[in-house]
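# fold the following for me, if possible:
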Amino acid sequence: MPSPPSAVFLLIGFGMMAVAVLAVLAWRRWRGASWVAFGLGALAWVVGVALKFGWSLPTNSLIRQGLEKVLPQSVSAPAFWLYVGLLTGVFECGISLLFVKRTRLKSSGWEGAVAFGIGFGAVEAFLLGLIQFLGLLVAVAIWDRFPEDARTAFSQSPIGLGVAYVPLPIAERLSALLAHVFTCVLIVYGVRAGEQRWFWLAFVYKSVLDAFAAWGILATEFSKSISGMIAFESAIGVFAFLGLAGLAFLRGRF
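Sure thing, here's the model as predicted:
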C-alpha cells in the first residue's frame, strides 16, 4: 500500500504562492507601481486562460485525432505540440494586447508595464500553488480514506520522486513569471511605439515556450525521474533567462 505523502510537500504549493505574493509586493514597494496595473494583468490572465480552455477542452482531442489521420506520427505529434503553443500565443498574447490597447496601459511607463506582467504571471502562480497546497493538505489529512487508485496516482506522480522534487515546481513558477513579464512588457512597448513587431516577438516567444512544454509533457518521461525534471526545468529556465535579458534591453527604451 502506498505510504501517505509527507507534509513537507506542502512547501511546494506554499512556495508557488510565495513567488506570486513576493513578486507583487516587491515591485509595489520598490517601484511604487499602481495596483491597477497589477489588477489588469491578473484580469487579462483570467480572461485569456478562460478563453483558451473554453476553446481547447472540446477541440484539442479532435485536432489531435485529425492530425494523426492525415499525417505520419513523426509529423502529426510535433504539429500538435506547435498547435498547443499557438493557442497560448493567440489567447494569452491576444487578450493582453486587447487589454493594453483599451486601458491606460497603452501609455504606461516601465513600472506599470512590469506590474502588468507580474499581475499576469502572479495570479497563475498563486492559483496553481493554492490548488497544489490544498490538494496535498487533503491527501495528508485523510490519506486513509482515499480510494486505492487515488493513492496509487499520488505515488506515481512527481511527488513520488521524494523531497528533492520540492524546489522544482517553485523554480518553474519563477521562470514562468519572468516569461509572462517579458511578453507583457513587449506588448506594452509595442503599443507605445506603434510597432507590431514587438507583439509578434512576444507571440513567437510564448508560443515556442508552450510548444516546448507540450512536447515535454506529452512526448517524454522527464517527470519519472529527478534528473529528467531538472533537465526539463533547466530548459524552461533558459527561456526565462532570455526573457530577463530581453527585459534589460527593453528597460532602456521606456
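# for the closest residue to A240 other than its chain neighbours, give me its contacts.
Of all residues not flanking A240 in the chain, S175 sits nearest, at 3.7 Å (CB to CB, 6 or more residues apart in numbering). Glycine gets a C-beta too; all of them are placed from N, C-alpha and C. Listed by CB atoms under 8 Å, 6 or more residues apart in numbering, the contact set of S175 reads E233, I236, G237, F239, A240.
# in this structure, which helix or strand is least confident?
None of the helices or strands of the chain scores lower by mean pLDDT, DSSP states H and E than helix 148-156, at a mean of 76.
# tell me the helix or strand right after it.
Later in the chain than helix 148-156, the nearest helix or strand by DSSP states H and E is helix 167-193.
# now intersect the contacts of S175 with the helices, please.
Among these, the members falling in helices (DSSP state H) are E233, I236, G237, F239, A240.
# tell me what angle the helix or strand where I217 lies forms with helix 167-193.
In this assignment (DSSP H and E), I217 forms part of helix 197-219. With axes from the mean of the first three to the mean of the last three CA atoms, to 10 degrees defining the directions, helix 197-219 sits at 160 degrees from helix 167-193.
# which helices and strands sit right next to helix 197-219?
helix 73-88, helix 167-193, helix 226-251 (3 or more CB pairs under 8 Å, 6 or more residues apart in numbering; DSSP states H and E).
# next, count neighbours for A125.
26 (other CB atoms under 10 Å).
# oops, could you answer that again for Y205 instead?
Neighbourhood size, Y205 [other CB under 10 Å]: 20.
# now for the residue nearest the centre of the chain: which residues touch it?
Residue closest to the average C-alpha location in the chain (CA atoms, centre = their mean): A176, at 4.7 Å. By CB under 8 Å, 6+ apart, A176 lies in contact with G121, E124, A125, I236, A240.
# buried sites along the helix or strand that contains the third one?
When you say that, I think you mean A125. Using DSSP H and E, A125 maps to helix 110-141. Within helix 110-141, the residues that count as buried by 16 or more other CB atoms under 10 Å are 110-129, 132-133, 136, 139.
# and that helix, what does it pack onto?
Using 3+ CB pairs under 8 Å, 6+ apart: helix 110-141 touches helix 10-31, helix 35-70, helix 94-102, helix 167-193.
# angle of that helix against helix 94-102?
Angle of helix 110-141 versus helix 94-102, following the same axes, to 10 degrees, is 140 degrees.
# give me the number of neighbouring residues for the nearest residue to G119 once chain neighbours are set aside.
In space, and not counting its chain neighbours, G119 is closest to G41: 2.6 Å by CB to CB, 6+ apart. The number of residues packed around G41, counting by other CB under 10 Å, is 29.
# G41 reaches V123, doesn't it?
Yes - in this structure, G41 is within contact of V123 by CB atoms under 8 Å, at 7.5 Å.
# returning to what we had before: the least confident helix or strand of the chain to helix 110-141, inter-axis angle?
For helix 148-156 against helix 110-141, the angle by the same axes, to 10 degrees is 130 degrees.
# helix 148-156: how far from the chain's middle?
Relative to the centre of its chain, helix 148-156 is centred 26 Å away, using CA atoms, centre = their mean, to the nearest Å.
# so which other helices or strands are in contact with that helix?
Contact partners of helix 148-156 among helices and strands, from 3+ CB pairs under 8 Å, 6+ apart: none.
# pull out the buried residues from that helix.
By 16+ other CB under 10 Å, the buried positions in helix 148-156 come out as R151, F154.
# do stretch 200-213 as well
Residues of stretch 200-213 classed as buried by neighbour count (16+ other CB under 10 Å): L201, A202, F203, Y205, K206, S207, V208, L209, D210, A211, F212, A213.
# hang on, the earlier thing: now what about the helix holding I217, what contacts it?
Under CB under 8 Å, 6+ apart, the answer for helix 197-219 is 77-78, 80-82, 84-89, 92-93, 96-97, 179, 182-184, 186-187, 189-191, 222-223, 232, 235-236, 239, 242-243.
# can you show me the CA trace of that helix as CSV?
This file holds the C-alpha atoms of helix 197-219, laid out as CSV (Å, rounded to 0.1, in the frame of the first residue of the first chain):
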residue,chain,number,x,y,z
ARG,A,197,6.9,43.6,-34.5
TRP,A,198,7.2,43.6,-30.6
PHE,A,199,3.8,41.9,-30.3
TRP,A,200,4.8,39.3,-32.8
LEU,A,201,8.1,38.7,-30.9
ALA,A,202,6.0,38.1,-27.7
PHE,A,203,3.7,35.9,-29.6
VAL,A,204,6.5,33.7,-31.0
TYR,A,205,8.4,33.6,-27.7
LYS,A,206,5.3,32.4,-25.7
SER,A,207,4.1,30.0,-28.4
VAL,A,208,7.5,28.3,-28.7
LEU,A,209,7.8,28.1,-24.9
ASP,A,210,4.4,26.4,-24.6
ALA,A,211,5.0,24.2,-27.6
PHE,A,212,8.2,23.0,-25.8
ALA,A,213,6.3,22.4,-22.6
ALA,A,214,3.7,20.4,-24.6
TRP,A,215,6.4,18.3,-26.0
GLY,A,216,7.9,17.7,-22.6
ILE,A,217,4.6,16.7,-21.1
LEU,A,218,3.2,14.6,-23.9
ALA,A,219,6.2,13.0,-25.5
